[in-house]
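**Student:** this one's structure only:
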């Protein structure tokens, strides 16, 4: 698998001076089919035993979730300047209206997964109706939002999705939908032969939906066949059987949307070449899924974008809707994706829309997917993030001993998208230049979309960067409430910080506010994916953070950091990540 560019020389795809919107649903190159959700029965979190006892000394068996989305470099290249934003100052710990608590960590996941440890956690978070739900690789739990007290779990996420332990699952996400008052949890799954442990030739996208407004109620489990080899009513794509990597979720008033990047299963097993079919988008009636039905799902596949490239990582928007909220855009769901196909630098974004989402409840939905390409500030693949020097007992135990390594910052796949107040908010991890240093920072975008006459149009309303002098910012996630108040969360790491959880306020007019460290890292990352023979000095991190809005408009967020304690287990076990769940209570205060 091709590594992304990490060197000093960066280039980018030539800009489009004017990009006309295109209606992809009518394109001969774009395949649109209807498939049915498969129902897999009911499950629940509260009814499953938490953790489970481990006899004697915990034996950890290492499992690394590979990331095949390295992409291929192609296309015309021109030089673009690396962004050089002014660094923001770090302001102590959490602000006066912020609070939070530790979420699950690597040992919590191992204790419910037969001693397996894995990296990265892949942060899922959803909040509503007096509950907080967190999902990571490979566990799920429910908390009290006022105290952080554990209400249910942690439990094995495979068991939650009615799968045996052997099945490969990854990339959890969740959302509490304020219109249906239901909890949606998603995950990718690839079939594993339980007798041999070998990957087979079938995959699914899993969706669990609660039966009430409580995550402690039962959930109905559904599956979308993502194999796309022409069997079981799926589309027939090159290089398949395939799986849908890093599934993304979003919702408008009418629909629930599930988007993946499609790869041949050989990309996971190493038994053949990496073959990508780009983004796949699935649209379905939110009301019908929330009601326990198996609705018609519209599958958009083979989605062309520009210069011979298929679209990738089309991130659907979560909407800050309430039951009595503005209904003006009820028929349109927005998406955003990057255009940095060369894994270098670019200054364009693609804004997408699925129209007529109110027809998703019909037997034959009449929805279309359109896009437009807009100019933006420059963003590009970030360098790996350094971390402060400190005790790393697992690395020190290797032969020869290894120093603490760097953190993988990923690439410029679009991070979480939020739609509120007629604006789209999103961000990516990006390279930034500070003097002679190249660091990882966050780029954020506030986009004004417009859908009319069957096409989407858009322009940048505001944009900017989040950086900290001499240190790295990685894996941002943004949430926005109905009043336009926004938060961006991320990990901070560098010579001055062990990996720490941080946040800043965002405003439409003035951009990013002060950076606050809400959970200070206590050690370097000492995970097994950082060291040979598992890796080459760059450890898996992320691959994403999460942010959301509760019923009262408070902003919640969660990201990875290195805690001081790991459920009573010592450092040096080959994994030591933790997660921190934070919130901004905006009822009485408003600060930068």
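**Tutor:** Looks like it arrived, so ask away. As the structure is a computational prediction, the values presented were derived from the model and not from experiment.

**Student:** from here on, contacts and neighbour counts on C-alpha atoms
**Tutor:** Noted.

**Student:** Now the phi/psi pair for residue 528, please.
**Tutor:** Dihedral pair for residue 528: phi -60, psi -30, per degrees, to the nearest 10.

**Student:** meant to ask about residue 395
**Tutor:** phi -60, psi -40.

**Student:** just how off-centre is stretch 544-559 within its chain?
**Tutor:** Mean C-alpha position of stretch 544-559 versus that of the full chain (C-alpha atoms, centre = their mean, to the nearest Å) differs by 13 Å.

**Student:** pLDDT below threshold where in the protein?
**Tutor:** 1-30, 47-66, 69-78, 321-330, 587-592 (pLDDT under 70).

**Student:** same thing but at 50, please
**Tutor:** Applying pLDDT under 50 to the chain picks out residues 1-29, 53-56, 71-78, 322-327, 588.

**Student:** show me where it has helices.
**Tutor:** For the chain, helices defined by DSSP state H occupy the ranges 106-111, 157-160, 266-269, 286-290, 393-396.

**Student:** winner for burial among these?
**Tutor:** Among the helices of the chain, helix 106-111 has the highest mean neighbour count (mean count of other C-alpha atoms under 10 Å), at a mean of 25.

**Student:** what packs against that one?
**Tutor:** Other elements packing on helix 106-111 under the criterion 3 or more C-alpha pairs under 8 Å, 6 or more residues apart in numbering; DSSP states H and E are strand 116-119, strand 150-156.

**Student:** ok so, going back, any chance of the helices of the chain in a markdown table with distance to residue 406 as columns?
**Tutor:** Shown next, in a markdown table, are the helices of the chain (distance: least, C-alpha to C-alpha, whole Å):
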| stretch | distance to residue 406 |
| --- | --- |
| helix 106-111 | 19 |
| helix 157-160 | 29 |
| helix 266-269 | 24 |
| helix 286-290 | 41 |
| helix 393-396 | 12 |
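
**Student:** right, and the ones you listed - which one's nearest residue 419?
**Tutor:** helix 286-290 (16.9 Å; C-alpha to C-alpha).

**Student:** Give me the contact list for that closest one.
**Tutor:** Residues from elsewhere that reach helix 286-290 (C-alpha atoms under 8 Å, 6 or more residues apart in numbering): 180, 182, 209-211, 251, 253-256, 294-295, 361.

**Student:** Could you point out which of those residues is nearest to residue 526?
**Tutor:** residue 209 (35.8 Å).

**Student:** didn't the closest one look like it was pressed against residue 177?
**Tutor:** No. Counting by C-alpha atoms under 8 Å, residue 209 does not reach residue 177; the two are 10.1 Å apart.

**Student:** shared neighbours of these two, anything?
**Tutor:** Counting by C-alpha under 8 Å, 6+ apart, the residues touching both residue 209 and residue 177 are 183, 184.

**Student:** Can you give me the buried ones in stretch 256-269?
**Tutor:** For stretch 256-269, burial by neighbour count (16 or more other C-alpha atoms under 10 Å) applies to 256-268.

**Student:** May I see the helices and strands packed on helix 106-111 organised as CSV, with mean neighbour count added?
**Tutor:** Shown next, in CSV, are the helices and strands packed on helix 106-111 (neighbours: other C-alpha atoms under 10 Å):
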stretch, mean neighbour count
strand 116-119, 24
strand 150-156, 23
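
**Student:** Make TSV from those and add distance to residue 461 to it.
**Tutor:** Putting the helices and strands packed on helix 106-111 into TSV (distance: least, C-alpha to C-alpha, whole Å) gives the following:
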stretch	distance to residue 461
strand 116-119	36
strand 150-156	41
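
**Student:** Run through the bridge partners of residue 135.
**Tutor:** Residue 135 has these beta-bridge partners by DSSP bridges: residue 124, residue 140.

**Student:** Hmm, I typed the wrong one, I wanted residue 442.
**Tutor:** residue 429, residue 466.

**Student:** So what touches stretch 537-546?
**Tutor:** By C-alpha under 8 Å, 6+ apart, stretch 537-546 touches 119-125, 384, 404-410, 415-416, 475-478, 489-490, 525, 527-531, 557-560.

**Student:** Could you do stretch 254-264 as well?
**Tutor:** Residues outside stretch 254-264 that contact it (C-alpha under 8 Å, 6+ apart) are 68-69, 239-251, 274-287, 312-316, 330-331, 333, 357-358, 360.

**Student:** now, which of these lie within strands?
**Tutor:** Among the contacts of stretch 254-264, DSSP state E puts 242-251, 276-285, 315-316, 333 in strands.

**Student:** Quick one, which of these are buried?
**Tutor:** So, by 16+ other C-alpha under 10 Å, the buried ones in these are 242-251, 276-285, 315-316, 333.

**Student:** And the residue nearest the centre of the chain, how far from residue 475?
**Tutor:** The residue lying closest to the centre of the chain (C-alpha atoms, centre = their mean) is residue 544, at 4.4 Å. Remark: distance between residue 544 and residue 475 (C-alpha to C-alpha, to the nearest Å) = 5 Å.

**Student:** Can you pull the residues that touch both of these two?
**Tutor:** Counting by C-alpha under 8 Å, 6+ apart, the common neighbours of residue 544 and residue 475 are residue 415.

**Student:** related to what we said a few turns ago, please narrow the buried residues of stretch 256-269 to those residing in strands.
**Tutor:** Going by DSSP E, the strands hold 256, 257, 258, 259, 260, 261, 262, 263, 264 from these.

**Student:** May I see those residues organised as TSV, with distance to residue 377 added?
**Tutor:** Shown next, in TSV, are these (distance: C-alpha to C-alpha, whole Å):
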residue	distance to residue 377
256	30
257	28
258	28
259	25
260	25
261	25
262	28
263	30
264	33
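
**Student:** between the residues you listed, which is closest to residue 396?
**Tutor:** The closest of these to residue 396 turns out to be residue 263 (C-alpha to C-alpha; 36.2 Å).

**Student:** what's the distance between that closest one and residue 299?
**Tutor:** 16 Å.

**Student:** Pull out the buried residues from stretch 162-169.
**Tutor:** Those would be 163, 166, 167, 168, 169, for stretch 162-169 by 16+ other C-alpha under 10 Å.

**Student:** List just the nearest of these to residue 340.
**Tutor:** So of those, ranked by how close each gets to residue 340 (C-alpha to C-alpha), first place is residue 169, at 27.6 Å.

**Student:** residue contacts, that closest one?
**Tutor:** Counting by C-alpha under 8 Å, 6+ apart, residue 169 has contacts 138, 158, 187, 188, 189, 190.

**Student:** List just the nearest of these to residue 571.
**Tutor:** Nearest member of the contacts of residue 169 to residue 571, counting by C-alpha to C-alpha, is residue 138, at 20.0 Å.

**Student:** burial count for residue 415?
**Tutor:** Neighbourhood size, residue 415 [other C-alpha atoms under 10 Å]: 27.

**Student:** How about residue 431?
**Tutor:** For residue 431, the count of nearby residues is 31 (other C-alpha under 10 Å).

**Student:** isn't it right up against residue 465?
**Tutor:** No. Residue 431 is not in contact with residue 465 according to C-alpha under 8 Å; the separation is 10.2 Å.

**Student:** Which residues are in contact with each of these two?
**Tutor:** Common neighbours of residue 431 and residue 465, counting by C-alpha under 8 Å, 6+ apart, are residue 441.

**Student:** Ramachandran angles for residue 114?
**Tutor:** phi 60, psi 30.
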